[in-house]
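Chemist: Got a sequence here, can you model it:
(4 chains)
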There are 2 protein chains.
Amino acid sequence: MGLLRTADVVRRFIGRMLEPFGVTAQQYNVLRILRGAGPEGLPTLAISERMIEEAPGITRLVDRLEAKELVRRKRCPGDRRQVLCFATPAALELLARIDTVMDDTDDRALGMLSDDDKTQLIRLLDTVRAGHP
Amino acid sequence: MGLLRTADVVRRFIGRMLEPFGVTAQQYNVLRILRGAGPEGLPTLAISERMIEEAPGITRLVDRLEAKELVRRKRCPGDRRQVLCFATPAALELLARIDTVMDDTDDRALGMLSDDDKTQLIRLLDTVRAGHP
DNA sequence: ATCCAATACTTGACATGTCAAGCATTCGCC
DNA sequence: GGCGAATGCTTGACATGTCAAGTATTGGAT
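Modeler: Here you go, the predicted model:
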């Protein structure tokens, strides 16, 4: 219970930080993944694998990002079942602006823990996840 | 990030445990709160205070529980702005059935941690929440 | 008595998460 | 080389979460 509550608190905290930039936490997440993928782009399912979410959610999430011109989609020529997604220049510029405040946000979100505490917390959380295949 | 991921894993795990009973994790949560409130019932906002959620979500959540005949609502005679919510006998019976498997679920969700680890984890999570008013 | 602000919800609109089904492609195997 | 299964999405339907705005009551100050 404490785990779920704490995660919600942190989730909302991050959401409020992102609000002025006009993207939600999930949208930010997708954009960061696409930035990491570089100019090659990433097929839709590859995005959902890197996230906590199932494919249907990603399709609609990317729909909205495409509507905001932050993502471009292209049928993959090699395998026409896949749809490659790319971050647009506008998205990269937005991410750069968000980067400048994100460190600060992390500090305020988890700054109350010492470095040792953070290490410990990460270990415990990893242990829990390891038990759920 | 690890925190959010782990919480999602656990949330889904609990969701799957509850699925055969026909209620979601949030609905179960509300029913437990109402059971704890006893025959006096609880006004809607009092429920949302005990949860991680805002009032609008509660209204609709209770709507669905009422449709399933697991909750009854009544205008409070003393203050007609309030709406008191009660768990129905059917809900109490359902909760009793869920109780019999919940301990087991907890074990499988967090059983990979020693008691010391659990204590430690709870302390760390509490520390994080304490920093978010 | 009355009017204004606060309280307790409720509703509407939109983002997200999930499952089950549907569609287009591609692959493996005969 | 052709057919059925697998793959990669997309859609539809429903539960949830959030904000902003609306409604019904109450309470307090005038």
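Chemist: Would you mind writing the CA trace of stretch A:21-34 as PDB?
Modeler: C-alpha atoms of stretch A:21-34 as PDB (Å, rounded to 0.1, in the frame of the first residue of the first chain):
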ATOM      1  CA  PHE A  21       5.400  22.300 -21.000                       C
ATOM      2  CA  GLY A  22       2.100  21.000 -22.300                       C
ATOM      3  CA  VAL A  23       3.000  17.300 -22.100                       C
ATOM      4  CA  THR A  24       2.000  14.600 -19.700                       C
ATOM      5  CA  ALA A  25       4.500  12.300 -17.900                       C
ATOM      6  CA  GLN A  26       3.800   9.400 -20.300                       C
ATOM      7  CA  GLN A  27       4.200  11.700 -23.400                       C
ATOM      8  CA  TYR A  28       7.500  13.000 -22.000                       C
ATOM      9  CA  ASN A  29       8.500   9.400 -21.400                       C
ATOM     10  CA  VAL A  30       7.800   8.400 -25.000                       C
ATOM     11  CA  LEU A  31       9.600  11.500 -26.400                       C
ATOM     12  CA  ARG A  32      12.700  10.600 -24.300                       C
ATOM     13  CA  ILE A  33      12.600   7.100 -25.600                       C
ATOM     14  CA  LEU A  34      12.400   8.400 -29.200                       C
END
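Chemist: For DNA strand C, tell me whether it is touching it.
Modeler: Yes - Stretch A:21-34 is in contact with DNA strand C by Cβ under 7 Å from any atom of the strand, via A:24, A:26, A:27. In this view, the C-beta of every residue, glycine as well, is placed from N, C-alpha and C.
Chemist: which stretches of chain A form strands?
Modeler: Residue ranges of the strands in chain A, as given by DSSP state E, are A:42-43, A:71-75, A:83-87.
Chemist: Determine which stretch of those is the most buried.
Modeler: With neighbours defined by mean count of other Cβ atoms under 10 Å in any protein chain shown, none of the strands of chain A is more surrounded on average than strand A:83-87, at a mean of 21.
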